[in-house]
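Peer 1: Got a sequence here, can you model it:
(one chain, ligands or ions: 1)
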Amino acid sequence: MALEAMRKVYKIMNKTASTFIAKSTIKSADIDHRRKINFNIGKYNAVVPAGKTQFENLMAAREQAKNIKWRALEKLDIMLEQFEKNISARGAKVIWAETAEEALNEIHKICKAKNCKTLVKSKSMVTEEIHLNKFLAKQGIESIETDLGEYIQQLDNEAPYHIVTPAMHKSKEDVAKLFAEKLGTPENLSPQQLTLVAREKLRKKYVEAEIGVTGANFLIAGSGSISITENEGNGRLSSAFPKTHIVVAGIEKIIPSLNDLSLFLPLLATFGTGQKLTVYNTIISGPKQKNETDGPEEMYVILLDNGRTNLLANSKTREALYCIRCGACLNACPVYKNIGGHSYDTTYSGPIGSIITPHLKNLKEYKHLSYASSLCGNCTEVCPVRINLHELLLENRYESVVDGGASVSERVAWKLWKTASLNRSIMNMANGNLKNKVVNSLFKGWTKHRADLNFSEKTFNETWKEQRGRSKKYDVRIIKFK
Ligand code: SF4
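Peer 2: Numbers count the residues shown, from 1 in each chain. Take a look at the predicted model:
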């Protein structure tokens, strides 16, 4: 039985990894894809340096942000309870969900109670993580994405391609064609005209919807508030128009106090899009109060774990929870830029996705993501909260090997490598040509996408002797010179 279960796990694991490799192989050869991504990331690269100039001491700001997140995560239980106490005092209801299923069931209960037929939703990766739209569709509830990028992706029946820019892989011509196909608009509309079409369709939905769903960029413990950051105003409309507002947020979004926003909002804006500040920054501390005219009558905040406590329990990977989802590490990653967001087949892609997904889901099944890195360290370099991303990728690799995630052939290959490397006489038995043949046939996967491993023709001992000979002569000459 145990053997059969193990076989099943390996089958799923191999399928996930081989799908990733197959998709990546196709995408990395797609020149049109590369052109669009380079164009869009190029625009991002052009504005980010200007945004960074708003910080007098950028490194100090990043270090401070890291320290704040460190402090918040070290006291996560206390912070979350403080958040719950403070926001509940203003009439919001906090729901704790350990899994995606629990969160979906709670949302379903609320939808049923409100007889919800239409729901408007602002951009939120955590609702992608729990596959909320699919779930609501099964319940016969129309869920409309109101962020323009997300709306485009929803029309195309595709998941977001990037955590900040969901339709980054589409050109303006692609979007015009999509709108023509799905909405019957003329094929040659400009981006401004396309935006107006989306705006007209979406405005009606805000009024119709019984429920609005948003994520939260930050949960503020001290004041019991959520902070939402966006550029289109759709987050405000989604949270304020419908009578019921549901917030779904990962537990790691906590920060201690409102004052911390003065650091996190500019950091998020600059590293996310190159702006000094995102256009709309909203702080919500509960539903509409007695003396207020606007806002929802009811507000629910779902605090989601869904594997985050696995990261929290691990003192090495815990710092991955500091992430503020700015997307900078994706834009900086040579692997992401070549294989694109969809090849990962996970909610969170790029370096941060490769680190957290194996812990949120299953280390054995997703360990391959940690190898999808050149370890160049560019991700670590650009992260606003200074997460040691490339080191965490190495940590994942280490943990997956310790966890027994390496295949038998891989383990045998490394065992042979180690035995030979530690034994000088074995290393001296063969010349470079023979070593090349043996090693390149032993590590078959290695040479599939890389050049052969090439050993020097001479052994280390031979080279050492030669060098020693030369340096001895050199020593003699120096002595003579003296
Ligand atoms: S890991 Fe850092 S760079 Fe990457 S999305 Fe998170 S905050 Fe941004």
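Peer 1: Hmm, Tyr206 and Phe241 touching each other?
Peer 2: Yes. Applying C-beta atoms under 8 Å, one finds Phe241 in contact with Tyr206, separated by 4.3 Å. C-beta: built from backbone N, CA, C; applies to glycine.
Peer 1: Now do the shared contacts for these two.
Peer 2: 120, 212 (C-beta atoms under 8 Å, 6 or more residues apart in numbering).
Peer 1: phi, psi of the one residue in the stretch 151-300 of the chain that gets nearest to the ligand?
Peer 2: Ranking the residues of the stretch 151-300 of the chain by distance to the ligand (C-beta to the nearest ligand atom) places Phe271 first, at 6.0 Å. For Phe271, the backbone dihedrals (degrees, to the nearest 10) come out as phi -80, psi -20.
Peer 1: List the contacts of it.
Peer 2: Taking C-beta under 8 Å, 6+ apart as the test, what Phe271 contacts is 48, 51, 326-328, 382-384.
Peer 1: how far does stretch 331-343 stretch from start to finish?
Peer 2: End-to-end span of stretch 331-343 (C-alpha to C-alpha, to the nearest Å): 15 Å.
Peer 1: hmm, it in reach of the ligand?
Peer 2: No. Stretch 331-343 does not reach the ligand (C-beta under 6 Å from any ligand atom); its nearest approach is 7.7 Å.
Peer 1: Which residues does that stretch contact?
Peer 2: 20, 23-24, 27-28, 33-34, 37-38, 41, 44-45, 158-162, 168-169, 330, 349-351, 372-374, 376, 378-379, 381-382.
Peer 1: Below-threshold pLDDT in the protein: ranges please.
Peer 2: 1-13, 444, 471-482 (pLDDT under 70).
Peer 1: Close to the ligand: what parts of it are there?
Peer 2: 271, 323-329, 352, 382-385, 387, 389.
Peer 1: Closest one of these to Ile254?
Peer 2: Ile324 (11.7 Å; C-beta to C-beta).
Peer 1: For the protein, which segments are assigned as strands?
Peer 2: 93-97, 118-121, 142-145, 211-214, 218-220, 225-230, 244-250, 254-255, 280-284, 298-304 (DSSP state E).
Peer 1: and those strands, which is most packed in?
Peer 2: Ranked by mean neighbour count, the strands of the chain are led by strand 211-214 with a mean of 27 (mean count of other C-beta atoms under 10 Å).
Peer 1: I'd assumed Lys253 was in contact with Leu73.
Peer 2: No. Assessed by C-beta under 8 Å, Leu73 is found out of contact with Lys253, at 10.6 Å.
Peer 1: Ramachandran coordinates for Ser171?
Peer 2: Dihedral angles (degrees, to the nearest 10) for Ser171: phi -90, psi 170.
Peer 1: Just to check, it is in contact with Lys36?
Peer 2: Yes. Ser171 is in contact with Lys36 according to C-beta under 8 Å; the separation is 5.4 Å.
Peer 1: what's the nearest residue to Trp446 if we skip its chain neighbours?
Peer 2: Spatially, and ignoring its direct neighbours in sequence, Trp446 is nearest to Leu453 (6.8 Å; C-beta to C-beta, 6 or more residues apart in numbering).
Peer 1: So that neighbour versus Thr447, what's the distance?
Peer 2: 7 Å (C-beta to C-beta, to the nearest Å).
Peer 1: Which neighbours do the two have in common?
Peer 2: With C-beta under 8 Å, 6+ apart as the test, Leu453 and Thr447 both reach Asn440.
Peer 1: ok, back up a step: go through the contacts of Phe271 and say which is closest to Pro358.
Peer 2: Nearest to Pro358 among the contacts of Phe271, with distances taken as C-beta to C-beta, is Cys383, at 18.8 Å.
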